[in-house]
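K.L.:
Please work out how this folds:
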Amino acid sequence: MDDASRQAMQVSGVQHFDVIVLGAGISGLVAASILANGGERVVVVDDYGHTGGNHMDWTSPEGYTFDVGSLIFQDDSPLIRHFPELLPYYVPIDPSWGRLNPQGRITTYPISIRDDILAAGPIGLVRIFASVLFARVFERRMGNARDFARYWIGSYLLHRSGLETYMKRFYGLAAEDIDLDLARKRMLWISEYASVINLTRRAFKRRRVAGAKNRQMARPKEGFATLYEPAARRLERDGVVFQLSAGMRAVEKTPNGFELSLGHGVVSAQRIISTVPIAIAEKLCGMVSQPVLKTITLIALYFSFSGERGFTQSIIYNFSHSGAWKRLTVYSDFYGRVNGREYFAVEVIAGHVGDVDEAEGDFREHACSNGMFAGDLKLEGSQVLDNAYPIYSKGAAENAANAIAKLRMFGIESIGRQGGFNYQPTARVSTIDVEAAIGASGGHLGNR
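P.N.:
Numbers count the residues shown, from 1 in each chain. Predicted coordinates:
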């Protein structure tokens, strides 16, 4: 049964289950796998019309397939333990990462010893080390992401490398407004690079010949729908029911648990596990969000291109001090050209631009001024994704914890990237977090 068929299914009357899982993204699918394997009768409900959550794709009439969401996976990810049927659908890749730095050079990601430090020259080197020394002695107290980064690499390198600008571009907030705990989780590499010993090793070590511990993989060329369909089919064979395009309306407590009203009908269960944004779960339960937990709205621009693109890396992060875009991914490096043209996606935080047209104009101007994409650059399409990921402002983690506690008092278990307001950059982390949240109480993993 494909997603269209799951949308067509209508609930008549009240259908009873052991557990309702809100959200059919990775967290919801893994939760359903754990619960169904433990013998629970599970229904997965989502207002989206597809499985995979924010992993969604778009195909142009010319045959270019683009997407929003994480593109790269690993073959040793615990997600494969739950859904081994996914493995044949992945495309093995050899990605390379780069970044556009404030000096207009595309260089090593996340930091370059040569271009960010040595290229500063004698005076710049003195300023870098003096800045680090000053921070270690006089700026030891940390209250936000800027303080954390400044302590380890100093204010001068923080600005010269473009890291401070990129933090604002990625999180939608100035670095001094970003939560400290998130900085510690997201930017541990800073402390590693800040060690003089480690810097020396990186500057002079030879590249290792040994192969990588895991194999990098991408979603199928056809898009995420092709990837997640086998997982949904297997869950259905295990007894899991899907309600997509559900039109969730309200959750009410009953003597036997909960009832969830949908656009057509009602489902009931003794237990509800939510992986949807906290604000949505609160609204379903009739709660008022105080304070409101904000999320990023992401604009994805989809381009095809013919000409000289100006770099060789597959993925480029924008660390320069101008341009609203934060990352571009060249799909044709993984899947081959279409109609002789390369194609790629550009991500822009909506708060930095007004709309798609402004985002496109800003990217074209910035790319041109930095020697990128000299040739025929065509916008094939775009998508706007609400609730792409949480905004980790100062105090947001505490506010999220309080909201999650209120939901738990109501009886809702809120977990995952959205439901737990957690930083989960990969499918690996999402899977591990769900296993930790419900693995012990929700059933035991089998030997799949």
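
K.L.:
if I've got this straight, residue 423 is in a strand?
P.N.:
No - read with DSSP: H, G, I helix; E, B strand; the rest coil, residue 423 is coil and lies in no strand.

K.L.:
the longest helix in this structure is where?
P.N.:
helix 121-138 (DSSP state H).

K.L.:
what's that one in contact with?
P.N.:
Helix 121-138 is touched from outside by 117-118, 120, 150-157, 160, 194, with contacts defined as Cβ atoms under 8 Å, 6 or more residues apart in numbering. C-beta here means a position set from N, CA and C on the backbone, and glycine is covered the same way.

K.L.:
Show me what whichever helix or strand comes after it is packed up against.
P.N.:
Using DSSP states H and E, the helix or strand that follows helix 121-138 in sequence is helix 145-160. Secondary-structure packing of helix 145-160 (3 or more Cβ pairs under 8 Å, 6 or more residues apart in numbering; DSSP states H and E): helix 121-138, helix 163-171, helix 180-186, helix 188-194.

K.L.:
got any ranges where this protein has weak pLDDT?
P.N.:
Along the chain, segments meeting pLDDT under 70 span 1-12, 69, 192-213, 440-448.

K.L.:
tell me the domain ranges of it?
P.N.:
The domain map for the chain lists 15-53+227-291+392-442, 112-200, with the assignment taken from the TED database.

K.L.:
got a list of what residue 344 touches?
P.N.:
Residue 344 neighbours (Cβ under 8 Å, 6+ apart): 302, 303, 305, 328, 329, 330, 331, 332.

K.L.:
want to throw those residues into CSV with neighbour count?
P.N.:
Shown next, in CSV, are those (neighbours: other Cβ atoms under 10 Å):
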residue, neighbour count
302, 23
303, 25
305, 22
328, 24
329, 21
330, 22
331, 24
332, 17
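
K.L.:
Among those residues, name the ones in helices.
P.N.:
Per DSSP H, those map to helices at residue 332.

K.L.:
what's the closest of the contacts of residue 344 to residue 92?
P.N.:
Closest approach between the contacts of residue 344 and residue 92, by Cβ to Cβ: residue 331, at 14.9 Å.

K.L.:
what's the distance between residue 111 and residue 421?
P.N.:
Going from residue 111 to residue 421 by Cβ to Cβ, to the nearest Å gives 28 Å.

K.L.:
Give me the distance between residue 93 and residue 32.
P.N.:
28 Å.

K.L.:
who does the helix or strand hosting residue 225 touch, helix- and strand-wise?
P.N.:
Secondary structure from DSSP H and E places residue 225 in helix 224-237. Where contact means 3+ Cβ pairs under 8 Å, 6+ apart, helix 224-237 is packed against helix 3-8, helix 26-37, strand 56-59, strand 241-243.

K.L.:
right, so of these, which gets closest to residue 314?
P.N.:
Per Cβ to Cβ, nearest to residue 314 of those: strand 56-59, 17.8 Å.

K.L.:
Give me the residues contacting the next helix or strand after that closest one.
P.N.:
Following strand 56-59 in sequence order, the next helix or strand is strand 65-68 (DSSP H and E). Contacts with strand 65-68, where a contact means Cβ under 8 Å, 6+ apart, come from 54-60, 219, 221-224, 298, 300, 302, 331, 335, 343, 345, 380-381, 383, 385, 388.

K.L.:
how distant is strand 65-68 from the center of its chain?
P.N.:
Taking Cα atoms, centre = their mean, to the nearest Å, one finds strand 65-68 lying 14 Å from the centre of the chain it belongs to.

K.L.:
just stretch 83-91 next, same as before
P.N.:
On the basis of Cα atoms, centre = their mean, stretch 83-91 sits 20 Å off its chain's mean C-alpha point.

K.L.:
same question, stretch 320-333
P.N.:
Counting by Cα atoms, centre = their mean, stretch 320-333 comes out at 15 Å from the chain centroid.

K.L.:
hang on, the earlier thing: among the contacts of residue 344, which are in strands?
P.N.:
302, 303, 305, 328, 329, 330 (DSSP state E).

K.L.:
And the furthest pair within these?
P.N.:
Most distant of the ones in strands among the contacts of residue 344, by Cβ to Cβ, are 305 and 329, 12.9 Å apart.

K.L.:
what residues are up against residue 327?
P.N.:
Counting by Cβ under 8 Å, 6+ apart, residue 327 has contacts 315, 316, 317, 318, 346, 347.

K.L.:
typed the wrong thing, it's residue 249
P.N.:
260, 261, 262, 263, 284.

K.L.:
and those, which are buried?
P.N.:
Buried by 16 or more other Cβ atoms under 10 Å: 260, 261, 262, 284, out of the contacts of residue 249.

K.L.:
just checking, the third one touches residue 245?
P.N.:
No - using Cβ atoms under 8 Å, residue 262 and residue 245 do not qualify as a contacting pair, with a distance of 9.6 Å.

K.L.:
quick one: buried residues of the longest helix of the chain?
P.N.:
Buried residues in helix 121-138 (16+ other Cβ under 10 Å): 124, 127, 128, 131, 132, 135.

K.L.:
ok, back up a step: list just the nearest of the contacts of residue 344 to residue 13.
P.N.:
Checking the contacts of residue 344 one by one against residue 13 (Cβ to Cβ), the nearest turns out to be residue 302, at 42.8 Å.

K.L.:
you'd agree that closest one is up against residue 60?
P.N.:
Yes - assessed by Cβ under 8 Å, residue 302 is found in contact with residue 60 at 7.1 Å.

K.L.:
residues shared between the contacts of those two?
P.N.:
66, 380, 381.

K.L.:
which one of those residues is nearest residue 255?
P.N.:
Out of the shared contacts of residue 302 and residue 60, the member with the shortest distance to residue 255 (by Cβ to Cβ) is residue 66, at 48.4 Å.

K.L.:
For the buried residues of helix 121-138, which two are the farthest from each other?
P.N.:
Top of the distance list for the buried residues of helix 121-138 (Cβ to Cβ): 124 and 135, 16.4 Å.

K.L.:
May I have the residues that are in contact with the residue nearest to residue 308 when sequence neighbours are not counted?
P.N.:
Closest residue to residue 308 apart from its sequence neighbours, by Cβ to Cβ, 6 or more residues apart in numbering: residue 374 at 4.8 Å. Contact partners of residue 374, counting by Cβ under 8 Å, 6+ apart, are 307, 308, 309, 310, 368.

K.L.:
With distance to residue 14 and neighbour count added, can I get those residues in a markdown table?
P.N.:
Converted to a markdown table, the contacts of residue 374 look like this (distance: Cβ to Cβ, whole Å; neighbours: other Cβ atoms under 10 Å):
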| residue | distance to residue 14 | neighbour count |
| --- | --- | --- |
| 307 | 59 | 12 |
| 308 | 62 | 11 |
| 309 | 56 | 21 |
| 310 | 60 | 15 |
| 368 | 59 | 12 |
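
K.L.:
out of these, which are inside helices?
P.N.:
Going by DSSP H, the helices hold residue 368 from these.

K.L.:
In strands only, show me the contacts of residue 374.
P.N.:
Short answer: those in strands (DSSP E) are 307, 308.
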